[in-house]
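Peer 1: Model the structure of this input:
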Amino acid sequence: MGWDEGTWTTMEIPAIGWRPIRIITVAPTLSLLPDDIQTQLADLHNERLSYVPPLTIDPIGWPCIMHDATHHASRTISEVGLRSGGHIVALAITYLDGITWRGGGNGGNEQTFTLTEGEHIIEMLTCVDDEWLRAIQFITNKGRCSAIYGNLEGTPTISRSEGGVLAGFTISIKLHPTVGMGYWMTGVNGIWRHDLIPRAPKENDVYSEYISAKNQHGKGFNDRALIGNSSSIYITCVEIRANDAIHSIEFTYTDAEDDKNRKFKTPRHGGPHAPYYRFELERGEHIVSITGKYGDDWLTQLCFGTNLGRASDVYGRGDGQSFSVRAPLGENGRSMRLQYVIGRCGDGLNAVIFAWTTGLP
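Peer 2: Numbering: from 1, shown residues only. Below you'll find the predicted structure:
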């Protein structure tokens, strides 16, 4: 009998040594364990999955349909496909073992977001108006962002589950009232697995409330695409163009881990018009509060406060509804800091979410 690696272990048995054995009962291994251990293992298995946003199911009637991928949630996603135009019409998943799942209609343009080896989706940005799913974006554990598919209109939601990776969707679709338009998506819930990675990057980041003008204009943006999963990148300068409204905002960044102290900038979010202002941050200084106003079409005023007790000028002379946001405290009891923004812009800044992160490099 040998135990060489890569070979089957064999033993010569004479014919008279063989005896028939009849299997009359098969029991799962789990049933051999004590009841309390079985219960604990079942609870652990159930905790593998979570639904974010929480799965609440309204009564389903014509012309609505639900599609659920929970039965595939033990698999690993390799590619997400979708059909979209100004709305999200359908979502599809291809798993590593080749199994596919799809839900939704047939309109729009076909798009795909393919994951690399060891890459998982850890965050999902969606936007829903009064009736339809308008936009979706995916962020991975490697800091990569998909495009924003559809139009970032309505109310945005950022979905994630601590230590979880996306394993599937539960989606709702509805027949469009216009003849020939087919089914469009009205909502989506992520199904998240908790047994593939110990911790998701930036899972402790906090997002502000959504601050939006009454009327929605322009296209969506998410500066997470520039930040990736870094916690060492920080803002060194804010550039504003403003008069009666905030026409544009732009950030300059430095990476604390870059020995050459190189700087890079976000795209300008908004138009090139109106007077130009610049707010430079000192070494060790970070934005921890923002106040301002928003009107019918644009944000009309912004002012930034820092951890050193300093405040920028008040940019914009417009009227409207006031708002104030402040960085929450991190796990260490210290204030978090502004790292990037998500929003919508056209000729001006139309809406914004402020993303706070821990650590003050």
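
Peer 1: domains of this structure?
Peer 2: 49-193, 206-357 (automatic domain parsing).

Peer 1: Nearest to residue 200, out of those?
Peer 2: For residue 200, the closest of the domains of the chain is domain 49-193, at 4.2 Å, according to Cβ to Cβ. To be clear about C-beta, it is placed using only N, CA and C from the backbone, and glycine gets the same treatment.

Peer 1: mind checking how far residue 25 is from residue 31?
Peer 2: 11 Å (Cβ to Cβ, to the nearest Å).

Peer 1: neighbour count winner among these two?
Peer 2: Set residue 25 next to residue 31 and count neighbours by other Cβ atoms under 10 Å: residue 31 wins out with 8 against 4.

Peer 1: Doesn't the more buried one belong to a strand?
Peer 2: No. Residue 31 is assigned helix when assessed by DSSP: H, G, I helix; E, B strand; the rest coil, not a strand.

Peer 1: can you give me the helices for the stretch 101-250 of the chain?
Peer 2: Ranges of helices within the stretch 101-250 of the chain are 224-227, based on DSSP state H, counting those that start in this stretch.

Peer 1: re the thing from before, okay, the domains of the chain in JSON lines with mean neighbour count and distance to residue 18 next?
Peer 2: Converted to JSON lines, these look like this (neighbours: other Cβ atoms under 10 Å; distance: least, Cβ to Cβ, whole Å):
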{"stretch": "domain 49-193", "mean neighbour count": "18", "distance to residue 18": "38"}
{"stretch": "domain 206-357", "mean neighbour count": "18", "distance to residue 18": "60"}
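
Peer 1: could these go into TSV alongside mean pLDDT and distance to residue 14?
Peer 2: Below are these laid out as TSV (pLDDT from 0 to 100; distance: least, Cβ to Cβ, whole Å):
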stretch	mean pLDDT	distance to residue 14
domain 49-193	92	43
domain 206-357	95	63
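
Peer 1: Could you dump these into TSV with distance to residue 15 added?
Peer 2: As requested, the domains of the chain are exported to TSV (distance: least, Cβ to Cβ, whole Å):
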stretch	distance to residue 15
domain 49-193	41
domain 206-357	64
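
Peer 1: which other residues reach stretch 195-209?
Peer 2: The contact list for stretch 195-209, computed with Cβ atoms under 8 Å, 6 or more residues apart in numbering, reads 48, 76, 120, 122-123, 141, 143, 158, 160, 162-165, 229, 231, 325, 327-328, 330-331, 336, 339, 342, 353-358.

Peer 1: Residue 20: which of the domains of the chain is closest?
Peer 2: domain 49-193 (36.6 Å).

Peer 1: distance between the ends of the closest one?
Peer 2: 5 Å (Cα to Cα, to the nearest Å).

Peer 1: Distance check, residue 336 against residue 328.
Peer 2: Look at residue 336 and residue 328: by Cβ to Cβ, they are 6 Å apart.

Peer 1: Residue 248 is in contact with residue 269, correct?
Peer 2: Yes. The criterion here is Cβ atoms under 8 Å, and residue 269 meets it with residue 248 at 6.0 Å.

Peer 1: which neighbours do these two share?
Peer 2: With Cβ under 8 Å, 6+ apart, residue 269 and residue 248 have common neighbours 345, 349.

Peer 1: and residue 87, what does it touch?
Peer 2: 108, 132, 133, 134, 150, 151, 184, 185.

Peer 1: Now with 10 Å, please.
Peer 2: Residues counted as contacts of residue 87 (Cβ atoms under 10 Å, 6 or more residues apart in numbering) are 105, 107-108, 129, 131-135, 149-151, 153, 176, 181, 184-186.

Peer 1: In strands only, show me these.
Peer 2: Using DSSP state E, the subset of the contacts of residue 87 located in strands is 133, 134, 135, 149, 150, 184, 185, 186.

Peer 1: about what we covered before: any shared contact partners between residue 336 and residue 328?
Peer 2: 206, 288, 356, 358.

Peer 1: from those residues, which is closest to residue 112?
Peer 2: Of the shared contacts of residue 336 and residue 328, the one sitting nearest to residue 112 (Cβ to Cβ) turns out to be residue 206, at 31.1 Å.

Peer 1: these two touch, right, residue 255 and residue 339?
Peer 2: No. Here residue 255 does not reach residue 339: they are 11.8 Å apart, not a contact under Cβ atoms under 10 Å.
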